[in-house]
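1. Take a look and give me a structure for this.
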Amino acid sequence: MAVAIPCFNDQANLDALLADLDAVPRSDALLDITIIDNASAEPVELTGSAGARAARVVRLDQNLGGSGGFNAAIALALDARPRPDLVWLIDSDARVRPDTLAELIAALDRDPDTVAVGPTLVDPETGEPHEHGGRVDRRTGSLGNAGAAPIAPDTTEPVDYIAACCMLVRTDAIDRAGLMPELFLNGDDAAWGVRLARATGGTLRIVPDARASHPRFDRFKGIARYYSARNGFVVIDDLRLGRRVRFRRAMLEVARAAGQTMIGRDDMAALHLLGLRDARTERVRTPGELPPIQPPQPIERLADTLGTIGIAGRTARFDPALPAELRAEVEVRLASARLRVLPSSRNMLARVLLPSSTDIAFASAKGRPSAWGLGKTVVSLHEGGFVTRRVGTLERLLRAGLVACRGSIAAVRLALLGAAKPASPTPRAIAARREVSHAKTTPSVSVVVLSYNRCDALDTTLTHLSTDEALADAEIIVVDNASHDFSAEIVRDKHPRARLIELDKNVAIEGFNIGVNAASSDAVLILDDDAWPAPGAVDRALDVLARDPSLGAVTLLPVHPKTEKPEWPFAAAGSGDNWPVMGCGNLVRRDVWLGAGGYERAYFLYRNDADLALTIAATGLGVHFDPALIVWHDSPATARKSRRWFEIATRNWLWMCRRHGRGGTRTLMMLLGVAWAGRAAGLRMGDHLALLRGTVAGLFRPAPPLPRTARVDGSALRRLLMLRVRGRS
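-> Model (predicted):
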């Protein structure tokens, strides 16, 4: 059995967990323990607490969060020989009993339809149960406890998801559902639970007789507010709950942001709004760039902190929502100050609209309406400490109104346009991220150029390639599509360094696949015969691939060398690692190209590059785009398209939508593609007839199948839709 433990700056808790695992009876299972060091400040070390158990530490070169750490260990388990039947996921801050594993295994043995099980989680301080699995509220999309009361002994309870802090999963279920979606923190286990159940048709269950301790999930949230707001929509979309639920979920975050604003915590409110913004972008799979928040002070310093503002004899009010134990602690610590405690008005509207005469308000840090307008200085309290803020009621109202407006706009966008949906990465991509003992190595590169009856352009391209320092040692392959000009002769006579492959007939884009099959390097630079990379572009693109193995390709921005005008009107829309378009110049890992099937040969011409970008995304890898990485494209194409283009490009567009789209997005993209082509055809009847032939072929002929490794969820096609719309706005 494989055990996966991610760890980040948590050596003490890890040592305690390893001691727990050492107490598991050897008859229960042979544990193959993998600890993923998520780039801790001090590298994780194995102590004697693991005893004779085999344990290994794999250190990552960057912190990939909980899901990234688990995936790195799961990828190792899937590659192991012999292959384990079960994978046990455990957080480094969890603790297990000697019989926990036996109870979980017994539950799986009793029910072959159960694909994953988890224990009842108990509070490590009190020993009281605090979670019995998770449920997704189908009305709001919120995540919550499946039940507050313990489950009856000797039974199991079906749940929507299991907290990954302690979860036992069948390996064959992982094969079918894929790895955990990488959301860094918060919601990754919920989304994975939904995907496990859907992919296998099985059930996830909680085993009450199995116990594990883990810190409570319902404590006051700091930075985690950002991840909760950002990642919650992935589960909603996985369950296909629709736009209304997305809107309700977003408005819950808006309400929380407004509540934090009203008690002076603008830093907390910003996390909610930033999470809603990033939910629609490729940042959903990264740690995110977060603003600083004010750290809480320990409750022991309350008297000293408030003493600096002279609280003796001042008036104070307590938030009715403040937990009784926190209020009692405040009263004890400030007993000598002789505060005049006033009753809290229950008329929230009056408190907010009328200037407060109360000096200090002791409020719950959750920012409930019962705390609004209670006093001039707000002391927000939670289990971890307190923060003080000076507030003005009118100013708070104005700020809260602005927060509500900004948040509502983000909520509408999320409802109508959907959120980004990260695919589960492939084991190859995750395993490649493991830090090795030697320095980062830059991939070797082969250049594949496809030529057809453009000998002058080909000569120019090869000349530029010969002067590019990044390609000084690169293998250059020219695939000639049975040209009947002097293309082949120019390669042989003027560019003997290039390897020439002469085809007997024009196979169009299939020639690229032939060239990549003949290449021998780690990556291939795919170029049209009239395109060459700008100086420095290849160097930087290779560095991008070397730094992030989760990327399958880097696409270069096509720019005309004379007009210096980009071919993509949407290029200014941004950059990122989930770019859904490729063009005449692309740097692709060779194994990724081969795994994705390269350019789909049935397309023959047109749309093949965008289709490949979408296919790479469907295999769980990214396509990086930076508008500063340029490929010069001296294309002679005019604004008017040929009849051949109207027929083949339209057919391929519809095929692409059918291959990569889901639901309404697929239908909308198909309609828009035909509409855009019709607009380009203008009043030319011959072009419209060609467009009609392409439409019929695209709708009624079978679309080429995708490779087996592809898992399409429609999100990549949605990104393409947004880019195309922006390019026309």
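
2. Point out where the stretch 451-600 of the chain drops to low pLDDT.
-> Applying pLDDT under 70 to the stretch 451-600 of the chain picks out residues 573.

3. Mind jotting down where the strands sit in it?
-> Taking DSSP state E, counting those that start in this stretch as the criterion, the stretch 451-600 of the chain carries its strands at 475-480, 499-502, 523-528, 531-533, 551-559, 585-589.

4. now the shortest one, how far from the chain's geometric center?
-> Okay, so that is strand 531-533. Mean-position distance between strand 531-533 and its chain equals 32 Å (CA atoms, centre = their mean, to the nearest Å).

5. now what about it, what contacts it?
-> Strand 531-533 has contacts (CB atoms under 8 Å, 6 or more residues apart in numbering) with 460-461, 464-465, 468, 525, 527, 556, 558, 584-585, 630-635. For every residue, glycine as well, the C-beta is placed using N, CA and C.

6. Also stretch 451-469?
-> Residues outside stretch 451-469 that contact it (CB under 8 Å, 6+ apart): 447, 449, 471, 474, 476, 478-487, 489-491, 494-495, 497-498, 506, 527, 529-533, 535, 538-539, 632, 634.

7. Isn't Gly407 up against Leu271?
-> No: using CB atoms under 8 Å, Gly407 makes no contact with Leu271, being 11.9 Å away.

8. follow-up on the earlier one: out of the strands of the stretch 451-600 of the chain, flag the one nearest Leu721.
-> Closest approach to Leu721 among the strands of the stretch 451-600 of the chain (CB to CB): strand 551-559, 17.8 Å.

9. Tell me which other helices or strands that closest one touches.
-> With contacts defined as 3 or more CB pairs under 8 Å, 6 or more residues apart in numbering; DSSP states H and E, the packing partners of strand 551-559 are helix 537-547, strand 585-589, helix 590-596, helix 608-618, strand 622-633.

10. out of the ones you listed, which comes closest to Asp319?
-> Nearest of the helices and strands packed on strand 551-559 to Asp319, taken as CB to CB: strand 622-633 at 45.7 Å.

11. and that closest one, how far out from the chain's middle?
-> Distance, centroid of strand 622-633 to centroid of chain: 21 Å (CA atoms, centre = their mean).

12. That one vs strand 585-589, what angle?
-> 140 degrees (axes from the mean of the first three to the mean of the last three CA atoms, to 10 degrees).

13. Quick check: next helix or strand after strand 622-633?
-> Per DSSP states H and E, the first helix or strand lying C-terminal to strand 622-633 is helix 643-660.

14. Next, the buried residues of that following helix.
-> Residues of helix 643-660 classed as buried by neighbour count (16 or more other CB atoms under 10 Å): 643, 645-660.

15. can you tell me the average pLDDT over that helix?
-> For helix 643-660, mean pLDDT is 93.

16. by contact count, what packs against the lengthiest helix in the chain?
-> If you go by DSSP state H, the chain has its longest helix at helix 393-417. Where contact means 3+ CB pairs under 8 Å, 6+ apart, helix 393-417 is packed against helix 243-262, helix 266-278, helix 348-353.

17. Recalculate using a threshold of 10 Å.
-> On a contact count with 3 or more CB pairs under 10 Å, 6 or more residues apart in numbering; DSSP states H and E, helix 393-417 meets helix 224-238, helix 243-262, helix 266-278, helix 348-353, helix 715-727.

18. Now do that helix and helix 266-278, the angle between them.
-> Angle of helix 393-417 versus helix 266-278, following the same axes, to 10 degrees, is 20 degrees.

19. circling back to that earlier point, wait, which of the helices and strands packed on strand 551-559 is closest to Arg216?
-> strand 622-633 (35.1 Å).

20. still on that earlier bit, from the helices and strands packed on helix 393-417, which stretch is densest packed?
-> Each of the helices and strands packed on helix 393-417 was scored by mean neighbour count; the highest is helix 224-238, a mean of 25, by mean count of other CB atoms under 10 Å.

21. Using PDB, write out every CA atom in that helix.
-> This file holds the C-alpha atoms of helix 224-238, laid out as PDB (Å, rounded to 0.1, in the frame of the first residue of the first chain):
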ATOM      1  CA  ALA A 224      -7.700  30.700   3.000                       C
ATOM      2  CA  ARG A 225     -10.600  33.100   2.200                       C
ATOM      3  CA  TYR A 226      -9.000  33.700  -1.200                       C
ATOM      4  CA  TYR A 227      -8.800  30.000  -2.100                       C
ATOM      5  CA  SER A 228     -12.300  29.300  -0.900                       C
ATOM      6  CA  ALA A 229     -13.700  32.100  -3.100                       C
ATOM      7  CA  ARG A 230     -11.500  31.100  -6.000                       C
ATOM      8  CA  ASN A 231     -11.900  27.300  -6.100                       C
ATOM      9  CA  GLY A 232     -15.500  26.800  -5.100                       C
ATOM     10  CA  PHE A 233     -16.800  27.000  -8.600                       C
ATOM     11  CA  VAL A 234     -14.800  24.000  -9.800                       C
ATOM     12  CA  VAL A 235     -17.100  21.700  -7.700                       C
ATOM     13  CA  ILE A 236     -20.200  23.500  -9.000                       C
ATOM     14  CA  ASP A 237     -19.200  22.900 -12.600                       C
ATOM     15  CA  ASP A 238     -18.200  19.300 -12.000                       C
END
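
22. What helices and strands are in contact with that helix?
-> Counting contacts by 3+ CB pairs under 10 Å, 6+ apart, helix 224-238 packs against strand 134-136, strand 143-145, helix 188-200, helix 243-262, helix 266-278, helix 393-417.

23. of the ones you listed, which approaches Thr615 most closely?
-> helix 188-200 (19.8 Å).

24. list the contacts for Ala164?
-> For Ala164, the contacting residues are 4, 6, 66-67, 69-70, 89-91, 94, 118, 180, 188-190, 192-193, by CB atoms under 10 Å, 6 or more residues apart in numbering.

25. In helices only, show me those.
-> Those of the contacts of Ala164 lying in helices (DSSP H): Gly66, Ser67, Gly69, Phe70, Asp188, Asp189, Ala190, Trp192, Gly193.

26. picking up where we left off before, which residues are common contacts for Gly407 and Leu271?
-> Common contacts of Gly407 and Leu271 (CB under 10 Å, 6+ apart): Ala229, Glu253, Arg256, Ala257.

27. Please produce TSV containing those residues, extended by distance to Ala77 and pLDDT.
-> TSV is the format used below for those (distance: CB to CB, whole Å; pLDDT from 0 to 100):
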residue	distance to Ala77	pLDDT
Ala229	32	94
Glu253	36	97
Arg256	38	96
Ala257	40	97
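
28. Just the closest of those to Asn578, please.
-> Nearest to Asn578 among the shared contacts of Gly407 and Leu271, counting by CB to CB, is Ala229 at 19.6 Å.

29. Surely that closest one touches Asn186?
-> Yes: Ala229 is within contact range of Asn186, at 9.2 Å (criterion: CB atoms under 10 Å).
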